[in-house]
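here's my sequence, what's the structure:
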Amino acid sequence: MTYLVTGATGSVGRHVVDHLLRAGHPVRALTRDPARARLPAAAQVVQGDLTRVETLVPALRGVTGVHLIDVADTGYAPLRNGQEIVEALQAAGVRRVTLLGGWSPGTLEPALSAADLAWTSVQPTEFMANALAWAEQVRTRGVVEEAFGATKTAMVHEADIGAVIATVLTEDGHAGHAYGLTGPELLDLPAKVRILAEAIGREITFVELTVDQMRERYRAQGVPEEMIEFRIEVFGNVPADAYQITPTVEQVTGRPPRTFAQWAAANAEAFRPTARRD
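Residues are numbered from 1 along each chain as shown. Okay, the predicted model is just below:
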């Protein structure tokens, strides 16, 4: 009963690997660069790339379940070879599939929907790990600069996403479901910044950017225009009740979702200034 985890070195994939291993399941972890994977020794790390199905086929041998991500590269592009991937899964005799979708629809979800496979869509809201994008400005200037400060979201811990995926892959009763995952609380940006400040024991100032300032910053970082507009749509002028807390994490895993305070405490060192060298 071996499980293949694609995107295994990502913020969610690592947790999928960990949860499966802790439950005693053999895990095969797919990554473009095994030498840099830094995954548990118990995981079988193999080289592969979802955009090149010929590299996926060997990794599928003897696999019962597969976790897929619908992202082709670090540029946020969705996969365009979904039908080829699904055909490879079917040829290998895979029985269960989970799909962590990207921000833009590709060809993988339609191919899974049309196939005779037991698959489950996992759709998290904002990742708590996204807050790591603030680390440098917090370390160096003690600020968080973001747009849409009043928008409240129910950030979800990546470990909870991984736990849901591992459970779905290894237990019956989840095929055909689309699981929307959230954390346990709705927080606006000033609240998130306050929680992070408490975790690191240092004051952090929240500076709200205009939409134009946000666009300029993301363009300078090389973020695609489609992704910039997506963020504006998701976090912009949304109704107050647009983001709702769901009970799915606890329903699937049997434990309540982690809070942002727990995430901040576990990741506090990433936001603290580097110790001064003499």
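
okay, domains of this structure per the record?
Here the domain assignment for the chain is 2-116, 125-157+182-243+256-278, based on automatic domain parsing.

Leu169 is nearest to which of those domains?
domain 2-116 (4.2 Å; C-beta to C-beta). Backbone N, C-alpha and C define where each C-beta goes, glycine included.

need the helices for this protein, in chain order.
13-22, 53-59, 82-92, 108-114, 135-141, 158-170, 189-200, 211-220, 225-235, 248-253, 260-266 (DSSP state H).

now, of those, which is deepest in the fold?
Using mean count of other C-beta atoms under 10 Å, the stretch among the helices of the chain with the largest mean neighbour count is helix 158-170, at a mean of 25.

from the contact counts, what lies against that one?
helix 13-22, strand 63-69, strand 96-100, strand 118-124, strand 178-181, helix 248-253 (3 or more C-beta pairs under 8 Å, 6 or more residues apart in numbering; DSSP states H and E).

show me the contact partners of the first one.
Among residues not part of helix 13-22, those counted as contacts by C-beta atoms under 8 Å, 6 or more residues apart in numbering are 3, 5-8, 27, 29, 39-40, 42-43, 67, 69, 158-159, 161-163, 165-167, 169-170.

if we can go back for a sec, now the helices and strands packed on helix 158-170 as JSON lines including distance to Glu216 and mean pLDDT?
Shown next, in JSON lines, are the helices and strands packed on helix 158-170 (distance: least, C-beta to C-beta, whole Å; pLDDT from 0 to 100):
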{"stretch": "helix 13-22", "distance to Glu216": "32", "mean pLDDT": "98"}
{"stretch": "strand 63-69", "distance to Glu216": "29", "mean pLDDT": "97"}
{"stretch": "strand 96-100", "distance to Glu216": "30", "mean pLDDT": "97"}
{"stretch": "strand 118-124", "distance to Glu216": "28", "mean pLDDT": "96"}
{"stretch": "strand 178-181", "distance to Glu216": "32", "mean pLDDT": "96"}
{"stretch": "helix 248-253", "distance to Glu216": "36", "mean pLDDT": "98"}
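
low-confidence stretches in the stretch 151-278 of the chain?
239-242, 275-278 (pLDDT under 70).

now distance to Gly176 too, for the domains of the chain, in CSV please.
Formatted as CSV, those follow (distance: least, C-beta to C-beta, whole Å):
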stretch, distance to Gly176
domain 2-116, 10
domain 125-157+182-243+256-278, 21
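
who wins for proximity to Val249 among the ones you listed?
domain 125-157+182-243+256-278 (4.1 Å).

what about the closest residue to Arg38 other than its chain neighbours, neighbour count?
Once flanking residues are discounted, Arg38 sits nearest to Thr9: 7.4 Å by C-beta to C-beta, 6 or more residues apart in numbering. Using other C-beta atoms under 10 Å, Thr9 has 19 neighbouring residues.

does Thr9 touch Leu39 like I think?
Yes - Thr9 lies in contact with Leu39 (C-beta atoms under 8 Å); the separation is 7.0 Å.

what do those two both touch?
By C-beta under 8 Å, 6+ apart, the residues touching both Thr9 and Leu39 are 29, 31.
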